[in-house]
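Q: this is the structure alone, sequence omitted:
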């Protein structure tokens, strides 16, 4: 299927009774594997970091605008206006991408939940745990978060009067907080996905009673 198209939802229970069980099981395993890659794949991690890079670029334009306005003069005002417009455009674009990604993530989460409840397949459900991808998310997020914290606190602790300006300290502190927040999102996602995949699969007779715990997938 095209990379941008999501798998279809599972057929209703009264229709699955008329379908070949092997076909339904194969579709379930295939769709769950695809949805798992979409939720916790390397492309999703790079997409999250891309949005963070866009926010960092917008923050950089904002810092340049403040510096240009502080310099004064016609040239400084013109440069500040240009940087302000560029920063606003980049931040708005990053915000739209973030909202679109969250909406897409919600669709993937709902399909994952629906296909998990559509049956049981121990082999497919075990592969769904994806420990390698979870480890990549955790390791990369920890490294990014550590660098972000160091950048934020080191810029403030190492500032020297007369050498570093308040604008420079604010810029590096804000940049570090962007990286740290991105790392927290990655850690929360990986931890929630790992916790969800270790929840026992529902038995056929228990499915109606397990509709409420679907909310546990909110962090996937």
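A: Good, I have the coordinates. Note that the coordinates shown come from a computational prediction; the quantities given were computed from them, not determined experimentally. Numbers count the residues shown, from 1 in each chain.
Q: for this structure, which helix is longest?
A: Criterion DSSP state H: the longest helix present in the chain is helix 73-116.
Q: that one packs against which elements?
A: Applying 3 or more Cβ pairs under 8 Å, 6 or more residues apart in numbering; DSSP states H and E, we find helix 73-116 packed against helix 21-40, helix 42-71. Placement of C-beta: from N, CA and C, glycine included.
Q: switch the ones you listed over to TSV; also include distance to residue 85 and mean neighbour count.
A: Shown next, in TSV, are these (distance: least, Cβ to Cβ, whole Å; neighbours: other Cβ atoms under 10 Å):
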stretch	distance to residue 85	mean neighbour count
helix 21-40	35	17
helix 42-71	9	17
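Q: rank those by mean pLDDT and give me the bottom one.
A: Mean pLDDT is lowest for helix 21-40 out of the helices and strands packed on helix 73-116, coming in at a mean of 84.
Q: who's in contact with that helix?
A: For helix 21-40, contacts defined as Cβ atoms under 8 Å, 6 or more residues apart in numbering pick out 1, 6-8, 10-11, 16, 43-44, 105, 108-109, 111-112, 115-116, 118-119, 121, 123-125, 127-128, 130, 133-134, 137, 189-190, 193, 220.
Q: and it with helix 42-71, angle?
A: Interaxial angle, helix 21-40 versus helix 42-71 (axes from the mean of the first three to the mean of the last three Cα atoms, to 10 degrees): 20 degrees.
Q: got the angle between helix 21-40 and helix 73-116?
A: Going by the same axes, to 10 degrees, helix 21-40 makes 160 degrees with helix 73-116.
Q: quote the end-to-end distance of stretch 15-25.
A: This stretch, stretch 15-25, spans 14 Å end to end (Cα to Cα, to the nearest Å).
Q: any weak-confidence spans in the chain?
A: Residues of the chain that meet the criterion pLDDT under 70 lie in 1-4, 14, 16-20, 124, 159, 162-165, 199-220.
Q: tell me which residue is most central in the protein.
A: residue 48 (4.8 Å; Cα atoms, centre = their mean).
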